[in-house]
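S.K.: predicted structure and sequence below. I'll ask about it afterward.
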Amino acid sequence: ASQARTRRRTAAGAMGWFALRGAVAALGAALVALAYVVCIALAKAHDTYTGGLAMPYFSDTGRDKPAYYVFAAMIGTACILLIIFFTLQYVYMRRYFAAANRAAGCRNATALLFGIPGAICGLLLAVFSTSKSSTIHNLSAYIYFVCIIIWTSINMSMYGSLSAVFQQHRRRNGKRWLVFLLLVVAFILYIPVGLALATWEELLLEDCWEQLSFEYCEEHWVEGTNETDLFDYSNDLSTNLMRSSSQFACIMSIMLFILLAAGDPALPDTDGGSGSAGSFVNGKAGQQAKGASEVARN
């Protein structure tokens, strides 16, 4: 009876953090998507300058108040939720793989070591705007995307090992691969290719006066120069449009990948077993024991 109660408490605890993992993943992804929609709407309503792009860079839409408050609050909160999610994802994968599987443990720990700094950089880019702290913002953004794509790649390899054993994961693998490939293509176009090809420059004060109000230009004027802290993409609209569209695809594919994780199947041992799911000590000796050995080999 005592052992049965212990197993029930263990199972309840596992289901608790598993439910939290799904909730923070879904809420974080939803906040990013909502922030994008709200910032675009506010930018249009307040005639925010976005460099002449039909599809503006996300950061440009959240540069000016009041959109800045939405951008900083929603993206900042989403990144805090991502830190929680990355930690729980580490626990999720750890419980699937046997403790003796050092290769899987190394992959899992490496994913965590990239995921959390990436989310922290996301928090920094949310707080530091492109106009007042462009260097910090841009550097944080690049580190964020590099860290997150590494985290995603490592998790794809681990999901691949799971899908070779578990039918529940195998059914979701096609969607996961589709989102992952979209992310990889968008990332390549946005950062390595986009940065190599795209050009832009600071908007000159006299050009600002021709397009925008005097008060708006004065607010963004860089004292002691004839420039503003706004970016003008008009000399290379097509390449910058490719970059901004790729940025959008990159952000949304990351959120879709995380959203897919929110719907992951529960651990095999949440029905009352003990030990890690990688050990599969839950009374289902046949298929589960075979699964354990196959996962350990992967």
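M.R.: Alright, I've got the coordinates. Residues are numbered from 1 along each chain as shown.

S.K.: and the gap between residue 176 and residue 79?
M.R.: 22 Å (CB to CB, to the nearest Å). In short, each C-beta sits where N, CA and C put it, glycine included.

S.K.: cool, residue 168 as well?
M.R.: From residue 168 to residue 79 the distance is 29 Å (CB to CB).

S.K.: those two: who's more crowded?
M.R.: Neighbours were counted for residue 168 and for residue 79 using other CB atoms under 10 Å; residue 79 has more, 23 against 12.

S.K.: and after the helix or strand residue 18 falls within, which helix or strand comes next?
M.R.: Using DSSP states H and E, the element containing residue 18 is helix 2-45. Counting by DSSP H and E, the next helix or strand C-terminal to helix 2-45 is helix 58-61.

S.K.: next, the buried residues of whichever helix or strand comes after that following helix.
M.R.: Sequence-wise, the next helix or strand downstream of helix 58-61 (DSSP H and E) is helix 67-96. Judged by neighbour count using 16 or more other CB atoms under 10 Å, the buried positions of helix 67-96 are 67-68, 70-72, 74-96.

S.K.: and what of stretch 18-25?
M.R.: 18, 21-22, 24-25.

S.K.: can you check stretch 182-189 too?
M.R.: When burial is assessed from 16+ other CB under 10 Å, stretch 182-189 yields the following buried residues: 182-184, 186-187, 189.

S.K.: just the ones of those residues in helices?
M.R.: If you go by DSSP state H, the buried residues of stretch 182-189 have 182-184, 186-187 in helices.

S.K.: and which of those is nearest residue 138?
M.R.: residue 187 (15.7 Å; CB to CB).

S.K.: list the residues that contact that closest one.
M.R.: 145, 149, 246, 250 (CB atoms under 8 Å, 6 or more residues apart in numbering).

S.K.: just put the residues you listed in JSON lines and tack on distance to residue 61 and neighbour count.
M.R.: Output for these, formatted as JSON lines (distance: CB to CB, whole Å; neighbours: other CB atoms under 10 Å):
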{"residue": "145", "distance to residue 61": "18", "neighbour count": "23"}
{"residue": "149", "distance to residue 61": "23", "neighbour count": "22"}
{"residue": "246", "distance to residue 61": "16", "neighbour count": "20"}
{"residue": "250", "distance to residue 61": "16", "neighbour count": "24"}
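
S.K.: of all pairs in those residues, which one is the farthest apart?
M.R.: Longest span within the contacts of residue 187, CB to CB: 149 and 246, 12.7 Å.

S.K.: residues contacting the closest residue to residue 34 other than its chain neighbours?
M.R.: Nearest non-adjacent residue to residue 34, counting by CB to CB, 6 or more residues apart in numbering: residue 74, 6.5 Å away. By CB under 8 Å, 6+ apart, the contact list for residue 74 reads 31-32, 34-35, 38.

S.K.: which among those residues end up buried?
M.R.: Looks like the contacts of residue 74 have 31-32, 35, 38 buried, using 16+ other CB under 10 Å.

S.K.: from those, which is closest to residue 137?
M.R.: residue 35 (15.3 Å).

S.K.: and the gap between the closest residue to that closest one other than its chain neighbours and residue 201?
M.R.: Of all residues not flanking residue 35 in the chain, residue 74 sits nearest, at 3.7 Å (CB to CB, 6+ apart). Look at residue 74 and residue 201: by CB to CB, they are 30 Å apart.

S.K.: and for residue 232?
M.R.: 5 Å.

S.K.: compare these two (neighbour count), which wins?
M.R.: residue 232 (20 against 13).

S.K.: surely that one meets residue 199?
M.R.: No - using CB atoms under 8 Å, residue 232 is not in contact with residue 199; the gap is 10.2 Å.

S.K.: relative to the whole chain's centre, how far out is stretch 160-170?
M.R.: 23 Å (CA atoms, centre = their mean, to the nearest Å).

S.K.: circling back: roughly how far does the residue nearest to residue 34 sit from residue 189?
M.R.: As judged by CB to CB, residue 74 and residue 189 stand 25 Å apart.

S.K.: now residue 211
M.R.: Distance from residue 211 to residue 189, by CB to CB: 28 Å.

S.K.: can I get the buried residues of stretch 18-25 in JSON lines including distance to residue 215 and pLDDT?
M.R.: Below are those laid out as JSON lines (distance: CB to CB, whole Å; pLDDT from 0 to 100):
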{"residue": "18", "distance to residue 215": "52", "pLDDT": "81"}
{"residue": "21", "distance to residue 215": "47", "pLDDT": "89"}
{"residue": "22", "distance to residue 215": "47", "pLDDT": "89"}
{"residue": "24", "distance to residue 215": "41", "pLDDT": "94"}
{"residue": "25", "distance to residue 215": "42", "pLDDT": "92"}
